[in-house]
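Visitor: quick one, what's the 3D model for this:
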Amino acid sequence: MKPKTIFACQTCGHQSPKWLGRCPDCGQWNSLVEERIVPTTTSSRRGTGGSERPISLLEVTSSQVDRASTGMEELDRVLGGGVVPGSLILIGGDPGIGKSTLVLQAVSVISRVHGPVLYVSGEESPQQIRLRADRLGVLAPDLLLLAETSLPEITKALGEVRPRLLVIDSIQTIFTPEISSAPGSISQVREVAGQLMVHAKRHHLPVFLVGHVTKDGAIAGPRVLEHIVDTVLYFEGEKGQPFRILRAVKNRFGSTNEIGVFEMKTAGLQEVVNPSEIFMAERPLDVPGSVVVSSLEGTRPLLVELQALVSPTVFGMPRRTAIGVDPNRVSLLLAILEKRAGLRLTGQDVYVNVVGGITIEEPAVDLGVCLAVASSHREIPIDSRTLVFGEVGLAGEIRAVSQAEVRVKEAAKLGFSRCVLPERCQSPALSAYPIEILGVATVGEALEAVLQ
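Guide: Residues are numbered from 1 along each chain as shown. Here you go, the predicted model:
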């Protein structure tokens with residue numbers, strides 16, 4: 001039978017019988033590559049070792065999952081408590097952000113506690129990995145290295161070593177001879193990830209997959225990989241900043257709201273137990289436009305400094321720049337300040353920045369943005385011991401946010417003396433903390449209470 005060729009998009013996986021300059025599915029230009037269609041392999045047709053017949057949900061025995069700790073509390077928190085046997089964990093991030101460093105530090109602990117770990121490197125030699133391990137101080141006798149890109153050879157090594165955990169660095173470099181396309185193509189990534197998933201589920205072997213990212217910051221082939229694996233982690237960080245944020249965007253064994261904070265140092269990644277103190281360590285005191293806001297990342301309250309700068313524009317149209325918060329949200333809040341609070345910002349450039357290089361998507365920082373902009377516009381500093389949080393509506397009202405007590409508790413622990421929050425968030429439970437609680441109902445009321 002003559003092999004059939006198709007053109008597959010290397011970004012989304014869309015297939016076309018002929019070459020197209022632009023992918024009709026994702027809209028990317030020059031992303032279609034010719035690939036050869038091969039019959040479904042035997043390994044792909046095999047199941048994952050589940051039940052042989054349909055059974056009732058009541059017949060399924062529920063048992064507590066025995067998670068393996070990585071020795072890094074921040075990583076365990078994002079994973080939901082540790083590594084689950086048989087799970088596929090995909091870690092993506094920009095080049096040089098520290099993905100391999102994070103995985104190497106974690107698996108060295110697992111190899112000491114739980115048994116041998118097989119580290120498969122398709123890009124680096126064992127000597128390069130040894131140099132990194134020496135620098136990090138994570139040498140372990142049961143950490144086994146294999147420089148290989150062929151999936152059959154990796155499977156053969158798994159049968160000989162029988163490790164307790166497998167690391168593939170990176171998934172885009174692994175290929176199977178059953179597929180004629182080049183390594184890293186959609187067909188290769190799909191087939192390799194599928195066979196690794198079958199092996200992981202059948203042998204209850206947890207697998208770490210390190211993935212490349214595209215220029216847009218997404219994992220290469222996201223619709224292929226992210227739907228196959230159990231957990232997708234993104235390792236984020238700004239250039240010039242030592243802090244790294246580990247965030248879960250998919251997790252079948254835990255929450256996707258948790259984050260882990262690390263600091264990159266000479267000896268590797270160091271966990272940041274209290275990131276609020278780190279983010280506010282260099283905060284200037286009694287400076288207009290600076291305010292501390294509270295954002296909730298999963299179960300962890302995160303206190304960060306938010307800065308705003310308002311200055312007269314020299315152009316015909318004022319600039320609106322926001323880093324770390326949604327620019328569209330900032331434009332909306334500026335319109336509320338003009339309409340509901342009487343601030344004249346039409347001829348003013350407005351710059352908003354979240355210090356520390358992190359991104360906050362929670363609307364609870366709305367009130368902080370409004371107060372920081374008003375503080376800079378009026379040249380009135382906000383008390384450095386004041387914490388603010390609350391969502392702002394289009395009518396100028398301050399709406400309630402979730403878990404106010406957790407935020408207040410964190411502020412009291414860090415020495416804040418006053419907390420400005422939505423009026424509906426006030427409760428008798430907040431009186432247990434040594435901090436003044438000030439509830440506000442509108443933006444105008446908040447400005448009068450804080451900017452005195």
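
Visitor: can you map out the helices along the stretch 301-450 of the chain?
Guide: Assigned by DSSP state H, counting those that start in this stretch, the stretch 301-450 of the chain shows helices spanning 327-340, 366-378, 404-413, 443-450.

Visitor: how about the first one as CSV, C-alpha atoms only?
Guide: What that stands for is helix 327-340. Provided in CSV are the C-alpha atoms of helix 327-340 (Å, rounded to 0.1, in the frame of the first residue of the first chain):
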residue,chain,number,x,y,z
PRO,A,327,-4.4,46.7,30.8
ASN,A,328,-8.1,46.6,29.8
ARG,A,329,-9.0,46.3,33.4
VAL,A,330,-6.8,49.3,34.3
SER,A,331,-8.5,51.4,31.5
LEU,A,332,-11.9,50.4,33.0
LEU,A,333,-10.8,51.5,36.5
LEU,A,334,-9.5,54.8,35.2
ALA,A,335,-12.9,55.5,33.6
ILE,A,336,-14.6,54.7,37.0
LEU,A,337,-12.2,57.1,38.8
GLU,A,338,-13.1,59.9,36.3
LYS,A,339,-16.9,59.3,36.4
ARG,A,340,-17.5,58.3,40.0
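
Visitor: can you give the contact residues for that helix?
Guide: Surrounding helix 327-340, the residues in contact under the criterion CB atoms under 8 Å, 6 or more residues apart in numbering are 320-322, 343-346, 350, 352, 363, 366, 369-370, 373-374, 392, 394-396, 442-444. In this view, the C-beta of every residue, glycine as well, is placed from N, C-alpha and C.

Visitor: low-confidence regions, the stretch 1-150 of the chain specifically.
Guide: 1-3, 37-52, 62-64 (pLDDT under 70).

Visitor: measure residue 434 to residue 422 for me?
Guide: 21 Å (CB to CB, to the nearest Å).

Visitor: more neighbours: the two, which one.
Guide: Set residue 434 next to residue 422 and count neighbours by other CB atoms under 10 Å: residue 422 wins out with 22 against 9.

Visitor: so how far is stretch 5-24 off the chain centroid?
Guide: With CA atoms, centre = their mean, to the nearest Å as the basis, stretch 5-24 stands 29 Å off its chain's centre.

Visitor: tell me the confidence at residue 238?
Guide: At residue 238, the predicted lDDT confidence score is 73.

Visitor: is it in contact with residue 355, as I believe?
Guide: No - taking contacts as CB atoms under 8 Å, residue 238 lies outside contact range of residue 355: 11.0 Å.

Visitor: show the backbone phi and psi for the residue nearest to the spatial centre of the chain.
Guide: Computing the C-alpha centroid of the chain and ranking residues by CA atoms, centre = their mean puts residue 247 first, at 2.2 Å. Main-chain dihedrals, residue 247, degrees, to the nearest 10: phi -130, psi 140.

Visitor: likewise residue 347?
Guide: phi -100, psi 30.

Visitor: buried subset of the contacts of helix 327-340 as a ChimeraX selection?
Guide: To isolate in ChimeraX the members of these that are buried, counting by 16 or more other CB atoms under 10 Å, one can use:
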select :320,322,343,345,350,352,363,366,369,370,373,374,392,396,442,443
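
Visitor: gap between the longest strand along the chain and the chain center?
Guide: Longest strand in the chain, counting residues (DSSP state E): strand 300-312. Mean-position distance between strand 300-312 and its chain equals 21 Å (CA atoms, centre = their mean).

Visitor: pLDDT (mean, whole number) over that strand?
Guide: Mean predicted lDDT for strand 300-312 stands at 93.

Visitor: just checking: what are the partner strands of that strand?
Guide: strand 290-297 (antiparallel), strand 348-354 (antiparallel) (DSSP bridges).

Visitor: weakest of those in terms of mean pLDDT?
Guide: strand 290-297 (a mean of 92).

Visitor: quick check: angle from that strand to helix 366-378?
Guide: 170 degrees (axes from the mean of the first three to the mean of the last three CA atoms, to 10 degrees).

Visitor: quick one: contacts of strand 290-297?
Guide: With CB under 8 Å, 6+ apart, strand 290-297 has contacts from 257-259, 280, 283-284, 301-307, 360, 362, 364-365, 367-368, 371-372, 375, 381-382, 384, 386-389, 401-403, 406-407, 410-411, 416.
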